[in-house]
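Novice: What would the 3D arrangement of this be:
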Amino acid sequence: MKMQRWILPCTLLWLTCAAGVAFAAVDEVKVDTGKLKGVASGGVVAFKGIPYAAPPTGENRWRAPQPVTVWKGVRAADAYSADCMQLPFPSDAAPLGTKPNEDCLYLNVWTPAKRAGKLPVMVWFYGGGFVNGGSSPAVYDGTHFAERGVVFVSFNYRLGRFGFFAHPALTKENPAGPLGNYAHLDEIAALQWVRRNISGFGGNPGKVTIFGESAGGGSVLTMMTSPMSRGLFQQAIVESGGGRSGLFPGRRLSEGTKERPSAESIGVLFAEKAGIKGEDAAALAALRALPAEKVVAGLNMATMGTPTYAGPMIDGKIVTESPEEAFAEGHAMNVPLIAGANSNDIGFSFARSMDDLFAPFGANGDKARAAYNPDKSENFRAIGTLVAADRMMIEPARFLVKTMSAAGQRAYEYRFSYVAASMRKQWKGAPHATEIPFVFDTVAAKYGKDLAPEDEATAKAAIAYWVAFAKTGDPNGEGRPKWPAYDAAHDILLDFTLDGPVAGPDPWKARLDLTEAVAGKH
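Specialist: A predicted model of the protein is given here:
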């Protein structure tokens, strides 16, 4: 493999050394609920398992996050807490490092052991379809961000029916709300904790970048468009998080149709299947008394299409409209943005033939066939995957940066096409979520003995762009190919290729324009 000059030495670390600067040790920190003792290693201090809300159990199940009880003495912050209750997904790209539990509202902080001044903050939102995931996977370790001068935060948010649930009894209990999207309330509570406490770890609460992948990217979009999260961050990165309607949120809390029942009616169906009838306080008490395993009831990424799970919803207070509507109408937070997707990203096609596949393109059907199937393949399933990925992840990323750019904000589009050396015989492109260990520079944890030098070089480049963006709102910096801000006239993105990052006009513009035309009809 030809290695390009953009590759930086893998041993480069962020340095804060300066003559006359006094450094402050941060292995012990006081937050608003007590003192914490972290674990120092290699110039970084990690604080794990910090409660940012009370356990969402018992009477707190399906309630907004409640305050943490103040503790006395110094609390050891030396291990991850349990990830949120779920049925783990066997083929998850980021296997959990803990056993799930309903008591899970904890976060983790990595910060330089020695630092001067207030550092930029990055807050990670994990993916997993809102039914799986957690902050404990090894590939989500924040060490390498801290090495480069960033205070890094990860946290857990409720999943599945714990995170997204509506029922008439809940509405009667709390008619003023907020209701339904408890996972998003957790995310807001974590960001509020950061605003109150991150200065103690050396972080600047006025320089926070939120970023996430898949459902985590979708959560970032929710934070950008929710009235309840205004002012809690200043920059955002969306990795394969969609952006068009039809992904998340999927339905309304109390208003439904035959084709799309309300979240409340789905909650009633779940309750009835659990043997609980009625819409009064007794029914709600019985629902809150269900063992956690019976609330999970087999739900994970393989079964999330079940009719007894509502998923993220438009509740009227936390989520008032879809991200697409918010961006199109100028309601989203106007902050610097990075958005992109992977070259072989996720998408679901239910077409049964080529004609079925291209019918939605209407009068542009022949153009779409030429753009997506120039070789006239008969494999409509393979072509359908391309169409579906463009519709679900790739064109929506362009929509986000295009819309933000038109509003006068700096926005940057990427495509991640790099495939780890050991996987090139199996993968024709970069699958969904495979950019994460490169962005985190945790490729050694992901690929182990199969790790190749070019994998490490791509990771060094990726994390450098992300960190530069966190520090300045601009991902560029000396020693890396220039990443131009997006503008519709030139349609330039940065592609992470096998030969390094390359900026240029999007080669998929023709097909994405056709997908955009279809999306604009809905």
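Novice: Am I right that residue 206 falls within a strand?
Specialist: Yes - looking at residue 206 with DSSP: H, G, I helix; E, B strand; the rest coil, it is inside a strand.
Novice: who's in contact with the closest residue to it other than its chain neighbours?
Specialist: Distance criterion Cβ to Cβ, 6 or more residues apart in numbering; nearest residue to residue 206, sequence neighbours excluded, is residue 234 at 6.8 Å. C-beta here means a position set from N, CA and C on the backbone, and glycine is covered the same way. By Cβ atoms under 8 Å, 6 or more residues apart in numbering, residue 234 lies in contact with 206, 207, 208, 209, 335, 336, 473.
Novice: what do you get for residue 236?
Specialist: 209, 210, 211, 220, 223, 224, 333, 335, 336, 337, 338.
Novice: For residue 433, state which of the residues you listed is nearest.
Specialist: residue 211 (13.6 Å; Cβ to Cβ).
Novice: Show the contacting residues for residue 229.
Specialist: Per Cβ under 8 Å, 6+ apart, neighbours of residue 229: 187, 188, 191, 222, 223.
Novice: tally of neighbours for the first one?
Specialist: Taking other Cβ atoms under 10 Å as the criterion, the count of residues near residue 187 is 30.
Novice: oh, and call the first residue 863 from now on, that's how I've got it
Specialist: New numbering, starting at 863: the last item is residue 1049.
Novice: pLDDT weak spots in this structure?
Specialist: 863-888, 1382-1384 (pLDDT under 70).
Novice: Residue 982 contacts residue 1012, correct?
Specialist: Yes - assessed by Cβ atoms under 8 Å, residue 982 is found in contact with residue 1012 at 5.6 Å.
Novice: which SS state does residue 924 fall under?
Specialist: From three-state DSSP, the assignment for residue 924 is coil.
Novice: measure it to residue 1023 for me?
Specialist: 9 Å (Cβ to Cβ, to the nearest Å).
Novice: Show me the contacts of residue 1098 that map onto helices.
Specialist: 1082, 1085, 1086 (DSSP state H).
Novice: The last one: what's it in contact with?
Specialist: Right, the one you point to is residue 1086. 1098, 1185, 1188, 1194, 1195, 1197.
Novice: Return the residues in contact with the fourth one.
Specialist: The neighbours of residue 1194, taking Cβ under 8 Å, 6+ apart as the test, are 1083, 1086, 1087, 1185, 1188, 1265, 1266.
Novice: which element is the last one on?
Specialist: I take that to be residue 1266. helix 1257-1268 (DSSP states H and E).
Novice: Need the contact partners of that helix.
Specialist: So helix 1257-1268 is contacted by 1083, 1100, 1102-1106, 1109, 1186, 1189-1190, 1194, 1196, 1199, 1201-1203, 1273-1275, 1347-1350, 1353, 1368, 1374, 1377-1378, 1381 (Cβ under 8 Å, 6+ apart).
Novice: try stretch 1201-1208
Specialist: Under Cβ under 8 Å, 6+ apart, the answer for stretch 1201-1208 is 1076, 1099-1103, 1105, 1251, 1254-1256, 1258-1260, 1262-1263, 1273-1279, 1289-1297, 1355.
Novice: One more pass at 6 Å, please.
Specialist: 1100, 1102, 1251, 1255-1256, 1259, 1262-1263, 1275-1279, 1291-1294, 1297 (Cβ atoms under 6 Å, 6 or more residues apart in numbering).
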